[in-house]
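Peer 1: sequence first, predicted model second:
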Amino acid sequence: MTDALSRGARYKTLLWDIDGTLIDTTHLVAEGLDHVYRTFLGRTLPMDEIRAIIGTPLAEQVRIFGDPRQWGVAPEEMEAEFIRCWESRKHEERLIPEAIATLIAGKQQGRGTALVTSKNHAEIRNTLPRMGIAECVDAVITADDVKVPKPDPEGVGLALTLLKSTPSETIFIGDTVHDMRAGRAAGVARCAVTWGAAPRARLLAEEPELVCDDPADLARLLGICRPGP
């Protein structure tokens with residue numbers, strides 16, 4: 001435990017992904033995309049292939065087969081239907097309480113805290129109020145705030161700028177290969193959580209600095225002392 005605490009405690013800034021990291025939504029994203037592909041394009045992908053594109057922006061996800069306009073469909077219609085479908089099933093969102101508690105405890109203990117997500121503004125406006133962490137977040141970087149989304153490092157770099165932090169004191173916690181690659185390109189450490197969209201083996205192939213298989217271990221790995229009951 002001492003070694004894990006010493007390694008995790010060096011990171012004064014924590015950047016968090018949302019879907020699959022703080023909230024259990026992998027099935028909602030995958031089934032929502034499957035729905036819009038079938039509804040608008042009359043085709044879809046195997047579920048493992050849909051899971052592989054989780055972590056990229058919705059604007060890219062609806063173009064996975066190419067520009068929807070070639071089927072006479074506006075991309076904005078597909079995005080709107082995805083959000084409508086999500087909101088109709090919002091009761092299925094499941095917070096990951098240990099991860100949420102770790103974020104809150106980290107902020108309370110003085111860690112800089114930001115969300116770096118592939119959600120767009122419309123998605124984050126719906127989801128963030130339900131998470132109960134808005135007052136514990138110093139910045140929220142969405143796909144609409146960058147020119148090039150994850151796995152490009154632009155969003156991570158913007159978070160560092162807003163939090164006045166440096167790569168050497170920062171760790172990015174996420175569940176997808178896109179998170180791991182964005183963090184590596186930005187020069188920050190990465191903590192891969194294995195309860196989200198990407199298979200553990202694919203995350204390990206990205207050689208993250210920390211790996212967390214159980215949300216209950218996350219605070220310890222990050223060197224955060226969780227408050228008692």
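Peer 2: Structure's in. What do you need?
Peer 1: and Val140, what element?
Peer 2: Applying DSSP states H and E as the criterion places Val140 in strand 139-141.
Peer 1: so what touches that strand?
Peer 2: 114-117, 124, 128, 155-156, 158-159, 162-163 (Cβ atoms under 8 Å, 6 or more residues apart in numbering). Yep, even glycine has a C-beta here, placed from its N, CA and C like the rest.
Peer 1: I'd like the next helix or strand past the helix or strand hosting Glu76.
Peer 2: Assigned by DSSP H and E, Glu76 belongs to helix 75-88. As assigned by DSSP H and E, the chain's next helix or strand after helix 75-88 is strand 94-95.
Peer 1: strand partners of that next one, parallel vs antiparallel please.
Peer 2: According to DSSP bridges, strand 94-95 forms sheet pairs with strand 23-24 (antiparallel).
Peer 1: other SSEs contacting the helix or strand just after the strand it pairs with?
Peer 2: Using DSSP H and E, the next helix or strand after strand 23-24 towards the C-terminus is helix 26-36. Using 3 or more Cβ pairs under 8 Å, 6 or more residues apart in numbering; DSSP states H and E, the elements in contact with helix 26-36 are helix 47-53, helix 75-88.
Peer 1: can I get these in a markdown table including mean neighbour count, mean pLDDT and distance to Arg202?
Peer 2: As requested, the helices and strands packed on helix 26-36 are exported to a markdown table (neighbours: other Cβ atoms under 10 Å; pLDDT from 0 to 100; distance: least, Cβ to Cβ, whole Å):
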| stretch | mean neighbour count | mean pLDDT | distance to Arg202 |
| --- | --- | --- | --- |
| helix 47-53 | 16 | 93 | 8 |
| helix 75-88 | 16 | 96 | 24 |
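Peer 1: how about CSV for the ones you listed, with distance to Phe65 added?
Peer 2: Below are those laid out as CSV (distance: least, Cβ to Cβ, whole Å):
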stretch, distance to Phe65
helix 47-53, 11
helix 75-88, 11
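Peer 1: on that earlier part again, and the following helix or strand past the strand holding Val140, C-alpha only, in CSV?
Peer 2: The element immediately downstream of strand 139-141 (helix or strand, assigned by DSSP H and E) is helix 154-163. Extracted in CSV, the C-alpha atoms of helix 154-163 (Å, rounded to 0.1, in the frame of the first residue of the first chain):
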residue,chain,number,x,y,z
GLU,A,154,-5.5,18.9,-27.4
GLY,A,155,-8.2,18.5,-24.7
VAL,A,156,-5.7,17.3,-22.1
GLY,A,157,-3.4,20.2,-22.9
LEU,A,158,-6.3,22.7,-22.6
ALA,A,159,-7.1,21.2,-19.2
LEU,A,160,-3.5,21.7,-18.1
THR,A,161,-3.6,25.3,-19.2
LEU,A,162,-6.8,26.1,-17.4
LEU,A,163,-5.6,24.4,-14.2
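Peer 1: next structured bit after helix 154-163?
Peer 2: That would be, after helix 154-163 and using DSSP H and E, strand 170-174.
Peer 1: so which residues make contact with that following strand?
Peer 2: 8, 11-17, 20-21, 55, 112, 116, 156, 160, 179-180, 182-183, 186, 188-193, 196, 209-210, 218, 222.
Peer 1: got the domain ranges for this structure?
Peer 2: For the chain, automatic domain parsing gives the domain ranges 2-24+95-221, 26-91.
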